[in-house]
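Q: quick one, structure for this:
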Amino acid sequence: MNALPLLLMAALLLSGCGDEKSNESSGEQQVVHPRTVKITTAVSSARDLEIRESALGRIIDPVATTIGAEVPGRVISVQVQAGEAVARGQLLAVLDDSDTKAAVATTEAEVRRLQSEQQAQQNLVARYRSMIDKHYISPTLLEQAEAQLDVLQQREQAAQATLIQARNNLQRTRITAPVAGHIEQRMVAAGDYIGLGKPLFKVAAAQRLTVSIPLPETRAAHIQKGQTVRLRLPSGGQIVTATITDLTPMVGSSNAFEVRVDLEDNPGQWRPGGSVSAEIVTATHSGAVVVPEECIVLRPSGTVVYRIEDGKAQAVSVITGVHLQGFVEVSSGLDAGVVVAADGAGYLSDGAVVAVHNSEGVQP
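A: Below is the predicted model:
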């Protein structure tokens, strides 16, 4: 009874060996199908490429006016802050005017006294002239009276000049804007005592502006006067197209230089001291062949793109140029109008079978 299971197992093994030999003798072979790679495609195109240098610049005023103190005194109040727009003649600050008011009052009193003395002397001269005709007085006495009148007139003229100066100084205790524009810098605060000539404010004119763009010295060979520059505020808005006006070394830096762009008119809300994004067009490649950057594949043998034709990929060696906004310039090895692999190109090899799955509306 125990030998029966062993006999059944032996029979099954012999049956399996017989089937295997039967298959081998029949000559059947398993067919291996090539792997299909799913990809998307793009078409190489020709376009004009602008080579640009991007940088951050600063808006300055080439004719900014520095307002200094014309009289010494203590600052009573400051009426504006940095960045505020001001009109011509607008009050910016007020100085203590007690001393200048006292000077005006003293000089006015001196002028009145001299005028009174002068009037009395004129009356005396007139009386002497009537008396000289009657020989009541000597000519010498008349000459002395006329000389004294001349002295009083000269003193009054000097006092009048001093009064004008005192009144001007009184007006100068009220600091006003000499031009319309923006307060670029405020250098004084209420309570400060300022001496004659001390800078108080810097006012930038409202119209003509200059953009200063610092760049490393390594870029100097590519930057020239007259090149196109596109400027825009970091917050967005209008793009202003201008040209490079001047190139100068930066003071205090041995490895940088400054690009200057003059703007004759203020584009709008542009203020001195603000930042601006700049793109300098250093060159233009006309009719350059470009492909999306995902089409470029790096292989041990070099850089390739895969040309797609009749459902197969063909490796094409290329030389690339500049990379710009998701596209790569192909300097050599590829013409415009060629269908190439895009997404999935990195999984291809020369001769691979492909299945193109472009998005709706995308032409291979």
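
Q: could you pull out the buried residues of the longest helix seen in the chain?
A: For the chain, the helix with the greatest residue count under DSSP state H is helix 98-133. Neighbour counts using 16 or more other CB atoms under 10 Å place 100, 103-104, 107, 110-111, 114, 117-118, 121, 125, 128 of helix 98-133 among the buried residues. Placement of C-beta: from N, CA and C, glycine included.

Q: got those residues as JSON lines, with pLDDT columns?
A: Shown next, in JSON lines, are the buried residues of helix 98-133 (pLDDT from 0 to 100):
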{"residue": "T100", "pLDDT": "93"}
{"residue": "A103", "pLDDT": "93"}
{"residue": "V104", "pLDDT": "94"}
{"residue": "T107", "pLDDT": "94"}
{"residue": "E110", "pLDDT": "94"}
{"residue": "V111", "pLDDT": "94"}
{"residue": "L114", "pLDDT": "93"}
{"residue": "E117", "pLDDT": "92"}
{"residue": "Q118", "pLDDT": "92"}
{"residue": "Q121", "pLDDT": "91"}
{"residue": "V125", "pLDDT": "90"}
{"residue": "Y128", "pLDDT": "87"}
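
Q: nearest to P300 among those?
A: T100 (86.3 Å; CB to CB).

Q: shouldn't that closest one be in contact with N169?
A: Yes: between T100 and N169 there is a contact under CB atoms under 8 Å: 4.7 Å.

Q: what's the overlap in contacts for those two?
A: Taking CB atoms under 8 Å, 6 or more residues apart in numbering as the criterion, T100 and N169 both touch V71.

Q: who does V94 bridge with?
A: S77, R174 (DSSP bridges).

Q: use 30 as the first number from now on
A: Renumbered: residue one is now 30, and that last one reads V123.

Q: what's the neighbour count on it?
A: 16 (other CB atoms under 10 Å).

Q: likewise for I68?
A: Going by other CB under 10 Å, the residues that sit close to I68 add up to 24.

Q: show me the contacts for it.
A: By CB under 8 Å, 6+ apart, the contact list for I68 reads 337, 342, 370-374, 376-377, 383-386.

Q: mind checking how far it is from N387?
A: 9 Å (CB to CB, to the nearest Å).

Q: just for the stretch 130-279 of the chain, where's the confidence low?
A: Applying pLDDT under 70 to the stretch 130-279 of the chain flags residues 235-236, 279.

Q: how about the helices in it?
A: Using DSSP state H, counting those that start in this stretch, the helices of the stretch 130-279 of the chain run over 168-200.

Q: taking the centroid of the chain, which residue is nearest it?
A: In the chain, the residue lying closest to the centroid (CA atoms, centre = their mean) is V305, at 2.3 Å.

Q: tell me which element it is part of?
A: Following DSSP states H and E, one finds V305 within strand 304-321.

Q: and the next helix or strand after that strand, which strands flank it?
A: Beyond strand 304-321 on the C-terminal side, the first helix or strand identified by DSSP H and E is strand 326-328. Note on strand 326-328: by DSSP bridges, its sheet partners are strand 331-338 (antiparallel).

Q: what are the buried residues along the strand it pairs with?
A: So, applying 16+ other CB under 10 Å, buried residues of strand 331-338: 332-337.

Q: using CSV, write out the CA atom coordinates for that strand.
A: This file holds the C-alpha atoms of strand 331-338, laid out as CSV (Å, rounded to 0.1, in the frame of the first residue of the first chain):
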residue,chain,number,x,y,z
GLY,A,331,28.3,63.8,-27.3
THR,A,332,25.0,65.8,-27.6
VAL,A,333,22.3,64.4,-29.7
VAL,A,334,18.7,64.9,-30.7
TYR,A,335,16.5,62.0,-32.0
ARG,A,336,15.0,62.6,-35.4
ILE,A,337,11.6,60.7,-35.7
GLU,A,338,10.8,59.2,-39.1
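
Q: which residues does that strand contact?
A: So strand 331-338 is contacted by 68, 70, 320, 324-326, 342-349, 359, 362-363, 367-370, 374, 377, 381, 383, 385, 393 (CB under 8 Å, 6+ apart).

Q: so which of those residues belong to strands?
A: 68, 70, 320, 326, 342-346, 348-349, 359, 368-370, 383, 385 (DSSP state E).

Q: of these, select the buried ones using a PyMOL command.
A: Entered in PyMOL, the line below selects the buried ones among these, by 16+ other CB under 10 Å:
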select buried, resi 68+70+320+326+342+343+344+345+349+359+368+369+370+383+385
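
Q: report how many residues lie close to I193.
A: Other residues near I193 number 11, with proximity taken as other CB under 10 Å.

Q: how close does it get to Q110?
A: 34 Å.

Q: mind listing what the spatially closest residue to A381 that is not a sequence neighbour touches?
A: In space, and not counting its chain neighbours, A381 is closest to A342: 4.6 Å by CB to CB, 6 or more residues apart in numbering. By CB under 8 Å, 6+ apart, A342 lies in contact with 66, 68, 335-336, 370, 377-383.

Q: same thing but 10 Å
A: By CB atoms under 10 Å, 6 or more residues apart in numbering, the residues touching A342 are 66, 68, 333-336, 369-370, 373-374, 376-383.
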